[in-house]
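> Need a 3D model of the sequence below.
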Amino acid sequence: MSRRARAAAFLLAALVCAGLAANVASRYRSSVDAQYGELQPVVVAAAELAPGDPIEPDDAARSLTVRRVPARFAPPGALRRPQDALGQAPGTTIPAGTYVLASQLAVPSPEPPPTPGPGRGLRPLQVEIGGAEALMVGGATPEGSRVDVVVSQQSGLGSKGRTEIAAAGVKLLVLRGPQGPSEGWAATLAVSRDEALALIEAEAGAREIRLLPRPQGQG
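This next block holds a predicted model:
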């Protein structure tokens, strides 16, 4: 047999072996797919994800990776793409090397605005009030606005009813609605010592306390 004929025979044998190997690999993969399911992408934490920290694009590129595993081994709810985690924060620590599940993530709720402080020389005082609906006109949040505190005493035996302003232009820190069927509105005000004493005395005397919004431009 000539050298050229032997080379052609070797080439043909190599092609036959390659075909047989590909056929065996294909049959093996088909067997694995039939037994464990097709490969599917799942997101895995490449680094530990801290609870409460929203996942930003840079975090996703650095801390999340994609692996392909048989469907049988993929946990329910596993993310398929890193971008599915963007803007969400883990509820608990997700260790590195573990699957990232949709149930582990949630969109963080916006932080409530900070409660305004009472200011220098003032102190917060909570009092029960009536007629709080007047503060809610227009749907605006009244916290942080200025109000006049009006104290009314009902007329009774031998006495006349009277109304007076116990504190003018004080800051409303917190307005709380009724917490139960027998409760009313309550307000936390930033008042001076003398104003606090006057309002405490009014509450002790069962006089009605109301808040009136200050016209815009009046401090």
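
> can you list the domain ranges for this structure.
For the chain, the structural domains run 37-109, 123-213, going by automatic domain parsing.

> longest single strand anywhere in the chain?
Using DSSP state E to define each element, the chain has its longest strand at strand 162-176.

> Mind listing residues that contact it?
With contact meaning C-beta atoms under 8 Å, 6 or more residues apart in numbering, strand 162-176 is reached by 115-119, 122, 124, 126, 132, 135, 142-153, 185-192, 195, 198-199, 202, 209, 211, 214, 218-219. Where you see a C-beta, it was placed from the backbone N, CA and C, and this is true even at glycine.

> what's the spacing between residue 178 and residue 107?
Remark: distance between residue 178 and residue 107 (C-beta to C-beta, to the nearest Å) = 31 Å.

> Now, the contacts of strand 162-176 that are in helices?
195, 198-199, 202 (DSSP state H).

> Turn the domains of the chain into CSV, columns for mean neighbour count and mean pLDDT.
Compiled in CSV, the domains of the chain are given as follows (neighbours: other C-beta atoms under 10 Å; pLDDT from 0 to 100):
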stretch, mean neighbour count, mean pLDDT
domain 37-109, 15, 91
domain 123-213, 15, 83
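
> Is residue 69 located within a helix, as I assumed?
No: with DSSP: H, G, I helix; E, B strand; the rest coil as the criterion, residue 69 is located in strand rather than a helix.

> quick one: it and residue 38 touch, right?
No: the criterion here is C-beta atoms under 8 Å, and residue 69 misses it with residue 38 at 10.2 Å.

> Tell me the bridge partners for residue 128.
For residue 128, the beta-bridge partners are residue 186 (DSSP bridges).

> helix/strand/coil for the residue nearest to the spatial centre of the chain?
Nearest to the mean C-alpha position of the chain, counting by C-alpha atoms, centre = their mean, stands residue 109 at 1.7 Å. When classified by three-state DSSP, residue 109 comes out as coil.

> Leaving out sequence neighbours, find the closest residue to residue 40.
residue 71 (5.3 Å; C-beta to C-beta, 6 or more residues apart in numbering).

> Just to check, that neighbour is in contact with residue 37?
Yes: counting by C-beta under 8 Å, residue 71 does reach residue 37; the two are 3.0 Å apart.

> if we can go back for a sec, gap between the residue nearest to residue 40 and residue 42?
Taken as C-beta to C-beta, the span from residue 71 to residue 42 is 10 Å.

> before we move on, what about residue 76?
Applying C-beta to C-beta to residue 76 and residue 42 gives a distance of 11 Å.

> now swap in residue 101 and tell me
From residue 101 to residue 42 the distance is 10 Å (C-beta to C-beta).

> Between those two, which contacts overlap?
Overlap of the contact sets of residue 101 and residue 42 (by C-beta under 8 Å, 6+ apart) consists of 75, 78-79.
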